[in-house]
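1. here is my input, please return the structure:
(one chain, ligands or ions: 1)
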Amino acid sequence: MRTRFAVPSAAFFLAALLASAPLIAQADQQVTIDQHMFMPATITVHPGEKVTWVNKDEDVHNVTSDDQGRSFRTPLLDTGESATLTFASPGTFHYHCSVHPDMTGTVIVK
Ligand SMILES: [Cu+2]
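-> Just a heads-up that it's a prediction; the model follows:
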């Protein structure tokens, strides 16, 4: 499991106090893939945040942007595998699974 909600150590608190960036910018957001669905289907993050997709399904899936240029695309993820993308710029990014095009999701960066 990720440690996002774990009790921070004293060292972490010190680092947080010294950091000028808001804490939220350092937290990974997670999308679970299961039963041929991205959950949540729409996720909202701040510019510079990372989104990690974790495949908990028994089938292979990936994350492929809908745009013509395929501005982002993860490798095929087997059961238990994950992939992380960083969204630097604001926008609305629709994606799907290239193996199962009916599986769709959206990342909103603002
Ligand atoms: Cu798929």
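
2. the residue positioned nearest the centre of the chain is in what secondary structure piece?
-> Nearest to the geometric centre of the chain sits Val51, at 2.0 Å (CA atoms, centre = their mean). Assigned by DSSP states H and E, Val51 belongs to strand 49-55.

3. distance from stretch 77-86 to the middle of the chain?
-> Relative to the chain's own centre, stretch 77-86 is displaced by 9 Å; criterion: CA atoms, centre = their mean, to the nearest Å.

4. endpoint to endpoint, that stretch covers what distance?
-> In stretch 77-86, first residue to last residue: 17 Å (CA to CA, to the nearest Å).

5. interface residues of the protein facing the ion?
-> Contact residues, the chain versus the ion (CB under 5 Å from the ion): His61, Cys97, Val99, His100, Met103. C-beta: built from backbone N, CA, C; applies to glycine.

6. and for the second one, the neighbour number?
-> If you count neighbours by other CB atoms under 10 Å, Cys97 ends up with 26.

7. can you pull the contacts of it?
-> For Cys97, the contacting residues are Ile33, Phe38, His61, Asn62, Val63, Thr64, Met103, by CB atoms under 8 Å, 6 or more residues apart in numbering.

8. for the nearest residue to it once chain neighbours are set aside, phi and psi?
-> Nearest non-adjacent residue to Cys97, counting by CB to CB, 6 or more residues apart in numbering: Met103, 4.0 Å away. Dihedral pair for Met103: phi -80, psi 120, per degrees, to the nearest 10.

9. all set now, cheers.
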